[in-house]
Each structure stands twice: as structure tokens, then as C-alpha cells.
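Colleague: need the 3D shape of this:
(2 chains)
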Protein chains: 2
Amino acid sequence: MSHKKLFIPGPVEVKQDVLDACAVPMIGHRVPEYAELHGACVPLLKQLLYTKNDVFLFTSSSTGAMEAGVRNCAKKGAVACMLGAFSDRWYQISVQNAKKTAKCQVEWGKAIRANMIEDHLKTGEYDCVLLVHNETSAGVMNPIEEIADMMRKYPDVVFVVDAVSSMAGVKIEMDRLGIDVLLAGSQKAFGMPPGLTVCAVSQKAMDRAKTITDRGYYFDFIEMSKFSVKNQTPCTPAVSLLYGLRHQLQKFFKEGLDARFKRHTDLRDTCWAWLREYGFELFPEKSFESVTLTCAANTRKVDVPKWVKLVSERGYVISEGYGKLKNDAFRVAHMADCTVAELKECLGVMSEELKKL
Amino acid sequence: MSHKKLFIPGPVEVKQDVLDACAVPMIGHRVPEYAELHGACVPLLKQLLYTKNDVFLFTSSSTGAMEAGVRNCAKKGAVACMLGAFSDRWYQISVQNAKKTAKCQVEWGKAIRANMIEDHLKTGEYDCVLLVHNETSAGVMNPIEEIADMMRKYPDVVFVVDAVSSMAGVKIEMDRLGIDVLLAGSQKAFGMPPGLTVCAVSQKAMDRAKTITDRGYYFDFIEMSKFSVKNQTPCTPAVSLLYGLRHQLQKFFKEGLDARFKRHTDLRDTCWAWLREYGFELFPEKSFESVTLTCAANTRKVDVPKWVKLVSERGYVISEGYGKLKNDAFRVAHMADCTVAELKECLGVMSEELKKL
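Modeller: Modelled structure (predicted):
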């Protein structure tokens, strides 16, 4: 059958204009045309992230930049905030890089609170916090304001935030919040194909990196910085995706950031209204639900895998619960270039197929 | 002006059919359609590399997989074969990963010989060799057969080969040569946009990786292997580039591997004939010249940067000498989908502009 529209939390649906923007002839990465392209993206990214910090572009999935956060910023040790599959992975990344790593863990559906992190920081044994802002597996959005407030008491701790499924869909004011590293891949709220990761880095994080000798090469902030001043990257970048990024960023500012963020809360509200109408409840703890994707509890005990399959056969792809939640939850992503009308199409098909279960 | 045709050593010119193949709607990476796509690429890659080993697909530049080679394979220490900018970088990568690293270094233009590597291996202090097959900066192709023969005497040493600018343009029989890790990015002889790296890995390299605890996550062979059996990757892959890869591999086998490799030697011969006609000499040591790109010595003492600029203004991009060779050499890449007729177009323009210097 023809293409199925994606309402899964990444890769998300990529519009034809973005695919076209990426499909342009190649240019070298050491020529002025490349520097111009790179240099067009970075200031727009700074505006998007409300930051004066430098922004690096890694040719990798987001996981690569998560590893960068660990290798460049954790010297004494890292506190890994664990609340689902992707934040749990950050713990594993930290351990596999031989870093002393504390587990700051809650059960799936719960949020990480500032005091939980602080309990670890008080020991003085950790100089880095690894926080996933929006945990895609459980649909939980952590209280970044509350955590950022607490972090101010620990000026020697580097605050690394994975905003993989929230950046460009939710307002995150990097400088006001005092975030030191803020990262996200291209395939979620940026509405692009996967393969490029945006990573903004504060001076504090850069200073920390300089004190770590085994921080590697490919994800080395210092090496990235040397080339960033020339609007280049140390290694051959994913040129096609930079064309896509420039195209998307220009679209973001044409829409307006506030309008863009409001569209995302409208999408969330639309999805939540549908859930209420059909008798489902939200999976995450109240007040900590994600804006960009909805994780619903299977309170009606429907056959989720069957339903997802039926909806897919109609040309719309939604997700089962992640991993152990396979039957107990389902997830609908609503981010990037998705409109309320498009989401309603998907929800309409979900309603129709629900009746057949 | 309109697009300039690239005859630089990467990114190379990407044909419209490849750009189109990449520009297809997104799919999830945990669905059967993705596994089918991934699973279509891997067996063709095995054929291309004459190997039964598993082949991983990293979403990164080649440098990422070079770091993977170091982190997964060097336990006691690595011998870095250094003969130009990119092989020199491998030394730096190894050191920045806190690996004990020996410099096996020759001046630019010379090749690494088996006995030079063996001098280091005889000490028993190193269990990994890092060899760039085709050094792009100096246009030198190392004698892989001679080195592979010597390596057989050191069965405990893992043999890691960067074939970034030779793989898919030159026949490299991985299994016959006993290469343990063989890697190359998509943007050179594969004729694709950058962002994906092919990395074939032997059982010996996998066994070594298992003994190293701080090998990281993103480039971890063991983690890659767990997902590879399902035709998946641990992290979101560069889906668009996998579509491009499948398209290109199918083209390779339609052309025929032997015909493809012969086309590359024909391209080289065409370039060399032009050099002779115009009184330039080859920069590399005789018998060790690259097949996929020609690095010529500026024996006529022409103004290389000016010439490169004039040629560029005519719509063809060639390269100056790399780094310190800027004025003393020039480079013409002839690989991937390039035809002899296309190369002759470029050489024709080079001739015309040469007269104006």
C-alpha cells in the first residue's frame, strides 16, 4: 500500500517540502557555500533555544549526543535520572563509559522531582546531571523549571538535558534555566529525517570538557568548537540534513515560535479530548504529561496490538505501549509539522477501528 | 550559479537518482518495512566486501566508526599508521580515548610498509593495528596485501582498516585478507550523501570488544550486533540514507562488481594520461598511488589555488593539495558513479583554465 502517516514518537512524519529540501546536489564541506548553510542554521537554533551558547551539529542519532554529554561533562560522576526506556539508556551509556553513575530512578509514569536529584548532589560525589526532559517511552515530561531552580544551588554541577522529543515543540529557555547541554535529534519535533543532532553547549560545559582527557574525538565538544567558529564541523557532516534543517528553521520562524508552541499544546488538547470522549485515561502522573506525545493508559482493556494493526492498515501509524507497557498503554505522537486537522484524521480512524475490536 | 560538479575526494557528486531514492516518506525503525530495507542492504554489502562477517550501519561520519575501531578493539594498545591528515587523525582519536598508541609514521606521499608495522607488533605491546587503506590527503594507497600477509603472524592483533575513500571503488576482499574491521562512509565511492557508515566486523573483533568494559555505547559493536540480528540498529538510523544505500547497492550489482572496479581503474588511467600530457607528475611514491583519487605534484609550479578557483567558476570542483600541500599538489577525485566521459569534461575544463594561468 502507499505511505502510512506516522503518529509515532519518532521518526515522525516528514513533509514532502522537507524531503525535497534535503534532496539537493551535494556540496563540499570545506567551501564557503557550506559555511553559509551551517551559519544560517546556528543563529536560528540559538533563537529557538533562547540561548547565546554555541550550538553544535552532530552527524548522529540523539544517542550519540547523549554519550557526548557523559564523556565531556562527567568527571567525578553523573546522576542519571531514570524514568523510562530512553532515560534508562543514559544510565547504561554512562556506565559503559566507565563513569561513576548514580541511579535517580522512579517507576514508569512518574516524574523526576528536584529533591530526588538533590539527594544525590548533596553527597558531593557527582558533577553532572543527566536529565531526559520528555521521556518518550512513558510520555512523561519532567518539571524542568523546578529542577533548574534546584540546580542553581550546585554551580559546579553540569546540567545536561536531553530534549529529544520536546525541542522545537515545547519552549525551553536554555539560558534562563541554566541548562549546560541541550540536545535533540532531527527526527522528532524538528520534522526531519533522522541523522542529525542539535547540541547547544554552555561555557561551563566547555570548561568541564577541557579538564577531561579521555573524552574521545567524534563527540568532543572542544574539537566541535574549533570548527564551529568557522561554521564547519570536524568531520564530514550530513549535508543533506543541514539543507533540511535550514528549511525547517525558516518555516518555524515564519509560523512564529509562540504559534508553533501553541499548535503543539492544541494538538495535545485535541488528543486529550479524544481520550476523555472514548473513556481512556492518561498514563503519566497528573501535571507531568508530555505535550508532544500522549501516552494513554489502556483503561478500557482493549487489544492494543490488534487495534494498532487495524489503524495501520488504514494508513495511520500509532504506537503500542513501549516495551513492558505493550498491552497496557498506547502512544500517539503529535509534533513537528502535524496540524490539528491531521491529528483529527488519525483519531477518527482510531475511533472507527476501536469499534471493531 | 547552478550546481557545480564535484571532483573532490568527498562528498563526491551524488546523482539525481540517488537523491530521489533518499527523498522518500519516513518509516518507523521498529517496523517490518525497516527490517526489510536494512536486511536488503546487509547481504549486498557482504558480497561487496567479500565477507561472511556481520556488517553494521552507523549513523555517523566515517570518523565515528574509526573511533569505534579504537574503542572496541584496542585493549593493550594500538599501532596508528600515519601517512597524512586522515590517518594522523586516527592517532589523535586513539590518544583521546586514552589508549596507548604507537606512531607508525611516514612522510606524506610515502606508503606504510608491512615491516614498519611489524616493528611495533614485535614488542608485544599492541593488540590492534589502525590502517587507512587509501589516504585521501596524500592520494596514497597502502599495500594491503603485503600488510595482511604480515598480520597473519600476529593472530592476537585486531586488524582495523579504514577504506573510506576506496571501499566500493576498489576490490577489498575482507575475509581473504583477514581484515577484522573494515569501514567506510557513504559519501565517497558509494556515491551517496554523507551521514551513514558501513562497518564490517569479524568474530575476532567482536571477541576483543567483549573484553573491553569502557567501549562506550553509540559505537559499541556488541550493542550493534544485538540489533543487527533483527536487521535493526540500537538507535534511530538515518533511514533516508538506507534507502539510498539499497538503491546504490542494487546499481553496483547491475553494473557488476568487476566492471565497477575496472571503471575505477579506467578513471585513474584517464586522469594519469592527462597528467602526462600536461607535464604533471604523481605526488605519491610509485606503485602506491590511489585508484579513486589522483594527487598530482605541482611540478609545473602553477598557481594551484587560482587554477582551482577558475575551474570552479566553470562548474567543476577539484581540490588543492591538502593542508600543507595546498600549493604543492592538486587532487582530482574520480570515484562512485563518475564516468570516464564526465571525468574528461572536468579535465577538459582544467586544460582550458590552465592555459589562462
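Colleague: count the neighbours of A:Ala333 for me.
Modeller: The number of residues packed near A:Ala333 is 32, by other Cβ atoms under 10 Å in any protein chain shown. Every C-beta, even on glycine, is put in place using the N, C-alpha and C of the backbone.
Colleague: interface residues of the stretch 51-200 of chain A facing chain B?
Modeller: By Cβ under 8 Å from any Cβ of the partner chain, the part of the stretch 51-200 of chain A that sits against chain B consists of A:59-64, A:67, A:71, A:89, A:92-93, A:96-98, A:185, A:187, A:193-196.
Colleague: ok, A:Ala138 touching A:Ala111?
Modeller: No. The pair A:Ala138 and A:Ala111 fails to qualify as a contact (Cβ atoms under 8 Å) at a distance of 9.4 Å.
Colleague: between these two, which has more neighbouring residues?
Modeller: The residue with more neighbours, out of A:Ala138 and A:Ala111, is A:Ala138; 31 against 22, by other Cβ under 10 Å.
Colleague: how near is that one to B:Arg260?
Modeller: 49 Å (Cβ to Cβ, to the nearest Å).
Colleague: what subset of the residues of the stretch 51-200 of chain A next to chain B is buried?
Modeller: The neighbour count (16 or more other Cβ atoms under 10 Å in any protein chain shown) marks A:59-64, A:67, A:71, A:89, A:93, A:96-97, A:185, A:187, A:193-196 as buried among these.
Colleague: and those residues, which of them are in helices?
Modeller: For these, the ones inside helices are A:Ser62, A:Thr63, A:Gly64, A:Glu67, A:Arg71, A:Arg89, A:Ile93, A:Gln96, with DSSP state H as the criterion.
Colleague: could I get the contacting residues of the residue lying closest to the fourth one once chain neighbours are set aside?
Modeller: It refers to A:Glu67. With Cβ to Cβ, 6 or more residues apart in numbering or on different chains as the measure, B:Tyr218 is the residue that lies nearest to A:Glu67, at 4.8 Å, once sequence neighbours are left out. With contacts defined as Cβ atoms under 8 Å, 6 or more residues apart in numbering or on different chains, B:Tyr218 is in contact with A:Ser60, A:Ser61, A:Thr63, A:Gly64, A:Glu67, A:Ile93, A:Phe219, B:Ser60, B:Gly64, B:Cys235.
Colleague: do A:Ala40 as well
Modeller: Applying Cβ under 8 Å, 6+ apart, the residues near A:Ala40 are A:Arg246.
Colleague: distance of it relative to B:Leu49?
Modeller: Taking Cβ to Cβ, one finds A:Ala40 at 38 Å from B:Leu49.
Colleague: so A:Phe252 makes contact with A:Cys41?
Modeller: No. Checked against Cβ under 8 Å, the pair A:Phe252 and A:Cys41 is beyond contact range at 11.3 Å.
Colleague: show me where chain A has its helices.
Modeller: If DSSP H is used as the criterion, the helices of chain A fall at A:16-22, A:32-48, A:62-73, A:85-96, A:114-121, A:144-151, A:174-177, A:203-210, A:221-228, A:239-255, A:257-277, A:304-313, A:340-355.
Colleague: using TSV, please lay out those helices together with distance to B:Thr265.
Modeller: Putting the helices of chain A into TSV (distance: least, Cβ to Cβ, whole Å) gives the following:
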stretch	distance to B:Thr265
helix A:16-22	33
helix A:32-48	31
helix A:62-73	37
helix A:85-96	43
helix A:114-121	61
helix A:144-151	58
helix A:174-177	53
helix A:203-210	45
helix A:221-228	35
helix A:239-255	28
helix A:257-277	53
helix A:304-313	49
helix A:340-355	52
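Colleague: need those helices in TSV (columns: distance to B:Asp214 and mean pLDDT).
Modeller: As requested, the helices of chain A are exported to TSV (distance: least, Cβ to Cβ, whole Å; pLDDT from 0 to 100):
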stretch	distance to B:Asp214	mean pLDDT
helix A:16-22	36	98
helix A:32-48	32	98
helix A:62-73	10	98
helix A:85-96	7	97
helix A:114-121	22	98
helix A:144-151	28	98
helix A:174-177	30	98
helix A:203-210	18	98
helix A:221-228	19	98
helix A:239-255	30	98
helix A:257-277	39	98
helix A:304-313	39	97
helix A:340-355	44	98
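Colleague: okay but A:Ala35 is in contact with A:Thr233, surely?
Modeller: No. Between A:Ala35 and A:Thr233 no contact is recorded; they are 10.5 Å apart, counting by Cβ under 8 Å.
Colleague: higher neighbour count, these two?
Modeller: The neighbour count for A:Ala35 versus A:Thr233, taken as other Cβ under 10 Å, is higher for A:Thr233 (22 against 14).
Colleague: what does the pLDDT read for that one?
Modeller: According to the per-residue confidence, A:Thr233 scores 98 in pLDDT.
Colleague: name the nearest residue to it, sequence neighbours excluded.
Modeller: With Cβ to Cβ, 6+ apart as the criterion, A:Thr233 has its nearest non-adjacent residue at 5.4 Å, and that residue is A:Phe227.
Colleague: if we can go back for a sec, so which of the helices of chain A gets nearest B:Val170?
Modeller: Smallest distance to B:Val170 across the helices of chain A (Cβ to Cβ): 24.3 Å, for helix A:239-255.
Colleague: domain-wise, how is chain A divided?
Modeller: The record's domain split for chain A, according to automatic domain parsing, is A:5-11+A:256-355, A:16-253.
Colleague: and these, which is most packed in?
Modeller: Most buried of those, by mean neighbour count (mean count of other Cβ atoms under 10 Å in any protein chain shown): domain A:16-253, with a mean of 22.
Colleague: from start to finish, how long is that one in a straight line?
Modeller: The first and last residues of domain A:16-253 sit 19 Å apart, counting by Cα to Cα, to the nearest Å.
Colleague: distance from it to the middle of the chain?
Modeller: For domain A:16-253, the distance between its averaged C-alpha position and the chain's averaged C-alpha position is 9 Å (Cα atoms, centre = their mean, to the nearest Å).
Colleague: what does stretch A:10-28 give?
Modeller: Once both centres are worked out by Cα atoms, centre = their mean, stretch A:10-28 turns out to sit 19 Å from its chain's centre.
Colleague: any bit of it sitting next to chain B?
Modeller: Yes. If you take Cβ under 8 Å from any Cβ as the test, stretch A:10-28 does meet chain B, through A:10-14, A:16, A:19-20, A:22-28.
Colleague: which residues does the nearest residue to A:Ser2 once chain neighbours are set aside contact?
Modeller: By the measure of Cβ to Cβ, 6+ apart, the closest residue to A:Ser2 outside its immediate chain neighbours is A:Gly315, 7.3 Å from it. Counting by Cβ under 8 Å, 6+ apart, A:Gly315 touches A:Met1, A:Ser2, A:His3, A:Lys4, A:Lys5, A:Val349.
Colleague: partners of the fifth one in the sheet?
Modeller: Taking DSSP bridges, one obtains A:Tyr316 as the residues bridged to A:Lys5.
Colleague: ok, it - contacts?
Modeller: Taking Cβ under 8 Å, 6+ apart as the definition, contacts of A:Lys5 comprise A:Glu13, A:Gly315, A:Tyr316, A:Val317, A:Glu342, A:Glu345, A:Cys346.
Colleague: ok, the fourth one next?
Modeller: The neighbours of A:Lys4, taking Cβ under 8 Å, 6+ apart as the test, are A:Ser312, A:Gly315, A:Tyr316, A:Val317, B:Ile27.
Colleague: for it, give me phi and psi.
Modeller: Torsion angles at A:Lys4 (phi, psi; degrees, to the nearest 10) stand at phi -90, psi 130.
Colleague: which neighbours do A:Ala138 and A:Ala111 have in common?
Modeller: Applying Cβ under 8 Å, 6+ apart, one finds that A:Ala138 and A:Ala111 are jointly contacted by A:Leu83, A:Pro284.
Colleague: separation between the residue nearest to A:Glu67 and B:Leu183?
Modeller: The spacing between B:Tyr218 and B:Leu183, counted by Cβ to Cβ, is 15 Å.
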